[in-house]
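Asks: here is my input, please return the structure:
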Amino acid sequence: MITTSYFAREKNIANPVCIAQVKPSWSNSREYKKLAPPWDLVDRYKKGLVTQQKYIEEYTFLVLSRLNPVEVLKEIKSLFGEDATLLCYEKAGDFCHRRIVAAWIEKGTGVVVPELKF
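Replies: As a prediction, this is how the structure comes out:
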């Protein structure tokens with residue numbers, strides 16, 4: 001099952017996959033850049049120039065609308081395995097693009113992508 005989590009939990013994750021622009025220097029995760037948000041969008045959000053709703057809209061337009069969720073899920077499973085965990089920086093419960101990705105995959109494929117529980 002594909003799941004999501006965050007880098008601080010990586011030591012407890014068997015098959016971590018980074019979907020951020022840059023992974024922490026200590027991370028052993030493999031990278032899947034197709035789902036990484038553009039730097040400019042992340043920067044504007046962190047500076048408070050973009051609301052969460054606007055972030056979702058821009059991320060969807062700039063990244064997800066150019067991809068097919070069925071193909072992305074197939075590629076993730078092919079490259080990283082059935083048990084891949086998609087990682088970004090924000091802790092569970094915080095606003096982050098990995099949960100936008102999870103919802104997009106769920107809507108486009110019917111496959112549930114839960115946040116990994118510890």
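Asks: this structure: strands as residue ranges?
Replies: 3-6, 16-18, 30-31, 85-88 (DSSP state E).
Asks: pick the most deeply packed of these.
Replies: strand 85-88 (a mean of 26; mean count of other CB atoms under 10 Å). From N, CA and C alone the C-beta is placed, and that goes for glycine too.
Asks: thinking again about what came up before, and the strands of the chain as TSV, adding distance to Ala103 and mean pLDDT?
Replies: Shown next, in TSV, are those (distance: least, CB to CB, whole Å; pLDDT from 0 to 100):
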stretch	distance to Ala103	mean pLDDT
strand 3-6	10	98
strand 16-18	17	98
strand 30-31	22	98
strand 85-88	12	98
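Asks: relative to Thr51, which of those is closest?
Replies: Closest to Thr51 of the strands of the chain is strand 85-88 (CB to CB; 18.7 Å).
Asks: hang on, the earlier thing: let's have the strands of the chain in JSON lines, adding distance to Leu41.
Replies: Putting the strands of the chain into JSON lines (distance: least, CB to CB, whole Å) gives the following:
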{"stretch": "strand 3-6", "distance to Leu41": "19"}
{"stretch": "strand 16-18", "distance to Leu41": "17"}
{"stretch": "strand 30-31", "distance to Leu41": "18"}
{"stretch": "strand 85-88", "distance to Leu41": "13"}
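Asks: nearest to Ser65, of these?
Replies: Going by CB to CB, the one of those nearest Ser65 is strand 85-88, 18.6 Å.
Asks: now what about that closest one, what contacts it?
Replies: Here strand 85-88 makes contact (CB atoms under 8 Å, 6 or more residues apart in numbering) with 2-7, 10, 13-20, 23, 27, 29, 32, 35, 76, 96-98, 101-102, 113, 116.
Asks: again, only this time at 6 Å
Replies: For strand 85-88, contacts defined as CB atoms under 6 Å, 6 or more residues apart in numbering pick out 3-5, 7, 13, 15-20, 29, 96, 98, 116.
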